[in-house]
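> Let's see this in three dimensions:
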Amino acid sequence: MLHKLNSKINESAEQTDLFWKDHYQKLQQFCHFLTQNSWDGDDVAQETFLKALKYENQQQRVTPALLNKIAHNHWVDVIRKRKKESIQEETEFAGAFHNATLDEINNTVEMLINHFTPKQSIIFLLKEAFQYQIKEIAEILYTSEMAVKANLHRAKNRLGKLKDEDQSLTAETYWNIDEREQLAELFYEALKSEDPTLLIERLPSFISEIPKAKFIQTFSPSSTLCMAA
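Predicted coordinates:
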């Protein structure tokens, strides 16, 4: 009797191993397609595998269709969580600029100059302090929305490392002395006056892609101003 029971257990384990050997690679491929990148795809595949094991423990049959459904639902949850975290971060950033003292403005300018590249600092300031939309910033800088998003993402990553007390992270090599001093002054005046107009008008001096001709359009954020330096 015990021999038969062990035989069934071994047979079940072998079937499980065979199932995952046949289907895990297909699951990974589906997850890569779902997330559009291998890093997130591998994470979703692993989480799907762990969740599928619970179904097996409950004596429920795991099929490829069920795996894809679990993966899809998990990815939807991940996206929702990321959006929620992004909104919370933006609220925190905007709040940090609200009613800031002169010392706090100085600290903010130092952070932008010392730890971001010139483009990252400009994009971060327009987005987080003055609440410009990605599309608006792209138009101001004569670049693509994808480029703006990429720079903003890198800036936030740098800020996250600073919060983790990695104070050694600097961007000094990306700046020249004159550019550093001039932008620092413009950042300070923009935050102090709650108005980025002068900064935007002077951007052609710092970013080669922007035409040197005077701005015909007056750029102002479509959303409500969320800072009061």
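> Just list the residues touching the most centrally placed residue in the chain, thanks.
Taking CA atoms, centre = their mean, the centroid of the chain lies closest to residue 153, which sits 4.5 Å from it. Neighbour list for residue 153: empty [criterion: CB atoms under 8 Å, 6 or more residues apart in numbering]. Placement of C-beta: from N, CA and C, glycine included.
> Starting from whichever strand or helix holds it, tell me the next helix or strand along the chain.
Residue 153 is part of helix 145-163 when elements are defined by DSSP states H and E. Next helix or strand after helix 145-163 toward the C-terminus (DSSP H and E): helix 177-193.
> And residue 179, how close does it get to residue 136?
Separation of residue 179 from residue 136 (CB to CB, to the nearest Å): 23 Å.
> These two - which one has more neighbours?
Neighbour count, other CB atoms under 10 Å: between residue 179 and residue 136, residue 136 has more, with 20 against 14.
> what's the helix or strand for that one?
Under the assignment given by DSSP H and E, the secondary-structure element containing residue 136 is helix 134-141.
> tell me which residues of that helix are tucked away?
With burial defined by 16 or more other CB atoms under 10 Å, the residues of helix 134-141 counted as buried are 134, 136, 137, 138, 140, 141.
> how about CSV for those, with pLDDT and distance to residue 83 added?
Output for the buried residues of helix 134-141, formatted as CSV (pLDDT from 0 to 100; distance: CB to CB, whole Å):
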residue, pLDDT, distance to residue 83
134, 90, 15
136, 92, 20
137, 92, 20
138, 91, 21
140, 91, 25
141, 91, 25
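> Please identify the one among those residues that lies nearest to residue 200.
The nearest member of the buried residues of helix 134-141 to residue 200, counting by CB to CB, is residue 140 at 6.0 Å.
> Touching, that closest one and residue 202? I think so.
No - if you go by CB atoms under 8 Å, residue 140 and residue 202 don't touch, sitting 11.8 Å apart.
> What part of this structure, helix or strand, is modelled with the least confidence?
Lowest on mean pLDDT, DSSP states H and E among the helices and strands of the chain sits helix 2-35, with a mean of 66.
> after that one comes which helix or strand?
Assigned by DSSP H and E, the successor of helix 2-35 is helix 38-57.
> ok now that following helix, how far from the chain's centre?
Between the mean C-alpha point of helix 38-57 and the mean C-alpha point of its chain there is a distance of 23 Å (CA atoms, centre = their mean, to the nearest Å).
> do the same with stretch 105-124
For stretch 105-124, the separation from the chain centroid amounts to 17 Å (computed by CA atoms, centre = their mean).
> try stretch 23-36
Its chain's C-alpha centre lies 23 Å from the corresponding centre of stretch 23-36 when counted by CA atoms, centre = their mean.
> if I look at residue 112, how far off is residue 129?
With CB to CB as the criterion, residue 112 and residue 129 are 10 Å apart.
> With residue 181 instead?
The gap separating residue 181 from residue 129 is 20 Å, by CB to CB.
> which of the two has more neighbours?
In this view residue 181 and residue 129 are compared by other CB under 10 Å, and residue 129 has more residues nearby, 25 against 12.
> from what I can see the more buried one touches residue 191, true?
Yes - with contacts defined as CB under 8 Å, residue 129 counts as touching residue 191 at a distance of 6.5 Å.
> what is the mean pLDDT for the helix holding residue 153?
Over the span of helix 145-163, the pLDDT mean works out to 83.
> got it, and stretch 60-79?
Stretch 60-79 shows a mean pLDDT of 86.
> Next: stretch 186-205.
Along stretch 186-205, the predicted local confidence has a mean pLDDT of 89.
> So what would you say the end-to-end distance of that stretch is?
Terminal residues of stretch 186-205 lie 12 Å apart, using CA to CA, to the nearest Å.
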